[in-house]
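# Okay, here's the prediction I keep looking at, along with the sequence it came from:
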Amino acid sequence: MAITREEVLHIARLARLALTEDEVSLFTEQLGKILDYMAKLNELDVADVEPTAHAIEMTNVLREDVVTNGDQREEILSNAPDRSGDCFRVPRILED
Amino acid sequence: MDLKNLTLEEIAREIREGRLSSRDATEYYLERISSFDGAVNSYITVTEERAREEAAACDEEQARGKLKGPLHGVPVGLKDIFCTKGVRTTCGSRMLENFIPPYDSEVYRRLREAGAVLLGKQNMDEFAMGSSTETSYFGPTRNPHDLSRIPGGSSGGSAAAVAAGLSPTSVGTDTGGSIRQPAALCGVVGMKPTYGRVSRFGMVAFASSLDQAGPITTSVRDAAFLLGVISGHDPKDSTSVNVDVPDYLSFCGREVSGMTVGVPEEYFIEGMEEEVRKRVEEAVERLSSLGCRIERIRLPHTDYALACYYIVAPAEASSNLARYDGVKYGYRTESYEGLIDMYMKTRAEGFGSEVKRRIMLGTYALSAGYYEAFYGKALRVRSLIKRDFLKAFETVDVIVAPTSPTTAFGLGERLHDPLTMYLSDIFTIPVNLAGLPAISIPCGEDGKGLPVGVQIIGKHFREEEIFQVAFALESELGRARVVDPESTAGEGE
Amino acid sequence: MEYEAVIGLEVHAQLKTESKIFCGCSTRFGESPNRNTCPVCTGMPGVLPVLNRRVVDFAIKAALATNCTIQRRNVFARKNYYYPDLPKGYQISQYELPIATGGYVEIVVGGERKRIGITRIHMEEDAGKLVHEGEFEKAHHSLVDFNRAAVPLLEIVSEPDIRSPEEGGAYLRMLRDILVYLDICDGNMEEGSFRCDANVSVRPKGAKEFGTKTELKNMNSFRNVERALEYEIQRQIQVLREGGTVVQETRLFDANTGRTVSMRTKEEAHDYRYFPDPDLVPLEIDDEWVERVRKTLPELPLEKIDRFQKEYSLPLYDCQILCSSKNLADFFEEAVKLHPNPKGISNWIMAEVLRELNREKVDISETKLKPAHVASIVKLIDEGTISGKIGKSVFEEVYRTGESPEKIVEERGLVQVSDEAALEEIARKVLENHPKEVESYKKGKTGVIGFFVGQVMKETKGKANPKLVNEILRRLLSS
């Protein structure tokens, strides 16, 4: 089961990755091979098997509703690639 | 004092008992780093100044009769995946080249509280995605046993540093073998605890349901010692398990006679190196001679683990890595037209090839129309793999298997063939899928003098049984050897 | 052809917890930008969420109050999409296993009761806020404030059971009242603690299939929701009448023009790639937990309306108004306890009290007015101590100052004059001074009596007991 070039471009867009022409070709080929390998799982009938999302089964981990954080604004903003005052700054969303 | 052949435990004792200052210990490692790390490239950031200050502070405190904890004044290295407040944490990526976390990971917080002195942040595959430490933005790490070869990965910087005596110990992370496989390839001890044993807080996430931190050391006792320091419940991590941490060291030296050791048929496959098979079989024989009952077992779904893993891990990763978008921290591209362009260029330039490949794979596996065929299916297969182990553990105490099908391979050899690279982890991946604890310890060398590792897998939260068996085996086979990378530098090049 | 509308509403209600849903940051509204943030709610590398217990308590409350089935096993899922106000690149929400399903809210429209189905209720985290830098049209940048990021939300999705803007408004108000009664949400649409999107379609009356729906956004008041629905229904009907087809799209309501306009963005096909969040473990809600929460449930708006109708024999309309706010209903009941004249007190609240509250846009709890004040005023009037007119001016002063009505009446000497002899003397004088009017009364124009009453009242500065004055005047005139 191979993956098409269009699918690669669609997935790249979903994942917000600008790919070069070379990358598109490379990924189409490599992902195709990997997905072929994944098809191995189809040998197994798992319809009646429950999925395991967590390696260790646990439930109900909760915290009490208490404010424990003070003002950390400067630390939070200290790594910002672009800021304006107390806000992070981002380019405006252009409508396409 | 030459610390090269001392264990972590011994260094801690020398400092505690006043025969060695923290300053001298720290200088010793800083000096070795400056002599050898140019060739090995096991560190991304050496925190020289901070280490000296911390060591001096430890010595002063000790002079006043106070010890911080069991690691008082002991220098340690740390995989650059653990956030360290005020010290840049790159995760091997251009994306985080200049990221300085305003918080500590829980692992580092515990080390610091125990008195450890941070030598620096060690190299790794970018976002822990790789089995060779070649995908690091900061250049590949080389195997100190042969500088033309890879050290394994993703915690390759940590394993290489420990093997080359550039830090007496390190903490790495293991998502599909990233502690055990480099430990095996570098001839040191690497322990992946049960999922939930060590807090993941502040450890940059790759695949959240699989990631687990653990020690990389030169002895089994050291691994037991260090795991005791970093494990335990953390309310900041919902998946951290609230169970008691036993005194692991007390299990090193206990009798193993009468224990049952399972040897899974599926882990001795065609295509694995013959010498690896031999060394592991010899190790099994040693255990037999120590009085262990050896039982041949089956783990029938082993063959599906790799496919399962390469759906689950990239899927989680594709979501975990969505936060790197050039908005809050990290890399942002230079020029862009509007928001979407900024996102796409930032991520294209900030991530390396392997990371992009896995994000693509994971995004695909979760996308509409494919979820059930891939992710949904993989989670069900994961149940089967876990079930195999639980069934085996009904009759055996531990399982012994090779850690890696091969010894260290050459730099660049597999970099452009992802699927072959992925196969490096076929013996370590099932353990992560099942959430089990496992250790890799050295069990000799191949004909080229390259280390071979043997893996001991235990039941959930029964790390002490692993230490018990591993220590007994280590006592037979000999402790890990710390090498001067220089002396072997010529061999492969 | 006649058309009918099919409407479903999707409400996002901010929960009144102290701290955020997955970290210990404050949820306080109105702080300066990014003041309420930490590594967890800004999605820094390696940080992890831990669920706030009170969010679950509140969600159970909402589920019980809307007659939902509470799901025993809850799983949080990641909804993946990129937007600058979403710090992790995914929103932690619930997908396949929400906390509550299959409930209903009962509304009253035109005196009739109707059930609006609740499809599901789930817990999720809010996103941050994005503001444009400088003038909107020229802005090249937006600014991101994460104070609101990870504030807990309930998403409450109705069935497409709503058939008119009026029903939509009634449902939304009832749902708001329920959440406010439960004390889990402020219910403030203007501040955004209670938000609503709508799915609207029309179809020929009697048809079974749904028409193509549009999604309406940007309606930030109850009135605007009704206006937007009204406009959109008419727009769709017109499109169909003219032989066109309704396009499935998102439309924004413009409060200035009262119209909905297409967002006109090439929306990417949504592919949120939901999957269970591996950082959070499943949540199991057992009977004990549900029962513990059930014990804390207050009387709900509709139950209260029913009880008020029975217990106080009030008209439905009065009950609906009084019960639209729990504080107001409590105020009424307190007052009735002190002076058992429910209709009298209801009238005063609905007329005088609400006028003041609406004028100042405040809740009754924020004023100086106490139930005892209203009870006293009505009592003073009922006992004939003061006239209704005096009562109104006393009320105004009580409302302003918080003084007791008795004290005001006493100090200002407003006690009604019921001294028959004194009033008779005044009445005689009035008649003497107006012989012409007396003449016309005697010729049969009995309406003139009102004029005499007015004169007597004027003489007594409004304090005369009008009923008594009337009697005296009639007696004197007929003699």
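Sure, I can see it.

# In chain B, which residue sits furthest out from the middle?
Here chain B reaches farthest from its C-alpha mean at residue B:337, the gap being 40.8 Å by C-alpha atoms, centre = their mean.

# ok, that one to residue C:60 distance?
48 Å (C-beta to C-beta, to the nearest Å). No exception for glycine: its C-beta is placed from N, CA and C like everyone else's.

# tell me, how many neighbours does residue 26 end up with?
Since no chain was named, I'll use chain A. 17 (other C-beta atoms under 10 Å in any protein chain shown).

# You answered for a different chain; I wanted chain B.
25.

# distance of it from chain C?
26 Å (C-beta to the nearest C-beta, to the nearest Å).

# Could you do residue B:2 as well?
In terms of C-beta to the nearest C-beta, residue B:2 sits 37 Å off from chain C.

# before we move on, what SS does that residue have?
coil (DSSP: H, G, I helix; E, B strand; the rest coil).

# for the stretch 201-350 of chain B, what spans make up the helices?
Taking DSSP state H, counting those that start in this stretch as the criterion, the stretch 201-350 of chain B contains helices spanning B:220-230, B:274-289, B:305-320, B:338-350.

# in the chain, which segments are predicted with low confidence?
Let's take chain A. A:1, A:94-96 (pLDDT under 70).

# wait, I meant chain B there
Ranges of chain B meeting pLDDT under 70: B:486-493.

# cutoff 90 now
B:1, B:269-271, B:368-370, B:372, B:415-424, B:485-493 (pLDDT under 90).

# And the residue of it that's closest to chain A?
Nearest residue of chain B to chain A: residue B:435, at 2.5 Å (C-beta to the nearest C-beta).

# wait, isn't that residue in contact with residue B:383?
No: between residue B:435 and residue B:383 there is no contact under C-beta atoms under 8 Å: 11.8 Å.

# These two: which has the busier surroundings?
Each of residue B:435 and residue B:383 has its neighbours counted (other C-beta under 10 Å); residue B:435 has more, 26 against 19.

# Ramachandran angles for the more buried one?
phi 70, psi 20 (degrees, to the nearest 10).

# quick one: it from residue C:339, how far?
69 Å.

# Run a quick neighbour tally on residue B:286.
Residues near residue B:286, counting by other C-beta under 10 Å: 17.

# helix/strand/coil for the closest residue to it other than its chain neighbours?
Sequence neighbours aside, residue B:476 is the residue nearest to residue B:286 in space, at 4.7 Å (criterion: C-beta to C-beta, 6 or more residues apart in numbering or on different chains). Taken by three-state DSSP, the conformation at residue B:476 corresponds to helix.

# wait, residue B:476 sits on residue B:290?
Yes: Residue B:476 lies in contact with residue B:290 (C-beta under 8 Å); the separation is 7.1 Å.

# Helices of the stretch 201-350 of chain C, start to end?
C:222-241, C:287-294, C:301-312, C:316-323, C:326-338, C:342-348.

# Could I get those in JSON lines, plus columns for mean pLDDT and mean neighbour count?
Shown next, in JSON lines, are those (pLDDT from 0 to 100; neighbours: other C-beta atoms under 10 Å in any protein chain shown):
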{"stretch": "helix C:222-241", "mean pLDDT": "96", "mean neighbour count": "19"}
{"stretch": "helix C:287-294", "mean pLDDT": "97", "mean neighbour count": "13"}
{"stretch": "helix C:301-312", "mean pLDDT": "94", "mean neighbour count": "18"}
{"stretch": "helix C:316-323", "mean pLDDT": "92", "mean neighbour count": "20"}
{"stretch": "helix C:326-338", "mean pLDDT": "94", "mean neighbour count": "19"}
{"stretch": "helix C:342-348", "mean pLDDT": "95", "mean neighbour count": "20"}
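
# What parts of chain C come near chain B?
C:39, C:42-51, C:78, C:80, C:82, C:84, C:87-90, C:144, C:271, C:273-275, C:278-281 (C-beta under 8 Å from any C-beta of the partner chain).

# Sort out for me which of those are in strands.
Mapping these onto strands (DSSP state E) picks out C:51, C:78, C:80, C:90, C:144, C:275.

# I'd like to know how many residues surround residue B:277.
16.

# same deal with residue C:361?
7.

# quick one: stretch C:118-131 to chain centroid distance?
Distance of stretch C:118-131 from the chain centroid (C-alpha atoms, centre = their mean, to the nearest Å) equals 21 Å.

# Minimum distance to residue C:107: which of the helices of the stretch 201-350 of chain C has it?
helix C:301-312 (8.4 Å; C-beta to C-beta).

# got the angle for that closest one vs helix C:326-338?
Relative orientation of helix C:301-312 versus helix C:326-338 (axes from the mean of the first three to the mean of the last three C-alpha atoms, to 10 degrees): 20 degrees.

# Show the model's pLDDT score for the residue in the stretch 351-479 of chain C that chain A sits nearest to.
Nearest residue of the stretch 351-479 of chain C to chain A: residue C:365, at 23.2 Å (C-beta to the nearest C-beta). On the pLDDT scale, residue C:365 is placed at 86.

# and it, helix, strand or coil?
helix.

# CA atoms of the longest helix along chain A as PDB?
What stands out as the longest helix in chain A, according to DSSP state H, is helix A:21-38. Presented in PDB, the C-alpha positions along helix A:21-38 are these (Å, rounded to 0.1, in the frame of the first residue of the first chain):
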ATOM      1  CA  GLU A  21      10.500  19.000  -4.100                       C
ATOM      2  CA  ASP A  22      13.300  16.600  -3.100                       C
ATOM      3  CA  GLU A  23      11.700  15.900   0.300                       C
ATOM      4  CA  VAL A  24       8.300  15.300  -1.300                       C
ATOM      5  CA  SER A  25       9.800  12.600  -3.600                       C
ATOM      6  CA  LEU A  26      12.000  11.100  -0.800                       C
ATOM      7  CA  PHE A  27       9.100  11.000   1.700                       C
ATOM      8  CA  THR A  28       6.700   9.500  -0.900                       C
ATOM      9  CA  GLU A  29       9.100   6.700  -1.400                       C
ATOM     10  CA  GLN A  30      10.200   6.200   2.200                       C
ATOM     11  CA  LEU A  31       6.800   6.500   3.800                       C
ATOM     12  CA  GLY A  32       5.500   4.100   1.100                       C
ATOM     13  CA  LYS A  33       8.000   1.500   2.100                       C
ATOM     14  CA  ILE A  34       7.300   2.000   5.800                       C
ATOM     15  CA  LEU A  35       3.600   1.800   5.300                       C
ATOM     16  CA  ASP A  36       4.000  -1.400   3.300                       C
ATOM     17  CA  TYR A  37       5.900  -2.800   6.300                       C
ATOM     18  CA  MET A  38       3.000  -1.700   8.600                       C
END
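
# what's the very next helix or strand once past it packed up against?
Following helix A:21-38 in sequence order, the next helix or strand is strand A:62-63 (DSSP states H and E). Strand A:62-63 sits against strand C:51-52, helix C:53-65, with contacts defined as 3 or more C-beta pairs under 8 Å, 6 or more residues apart in numbering or on different chains; DSSP states H and E.

# could I get those as JSON lines with distance to residue C:409, mean pLDDT and mean neighbour count?
Output for those, formatted as JSON lines (distance: least, C-beta to C-beta, whole Å; pLDDT from 0 to 100; neighbours: other C-beta atoms under 10 Å in any protein chain shown):
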{"stretch": "strand C:51-52", "distance to residue C:409": "52", "mean pLDDT": "98", "mean neighbour count": "24"}
{"stretch": "helix C:53-65", "distance to residue C:409": "43", "mean pLDDT": "98", "mean neighbour count": "22"}
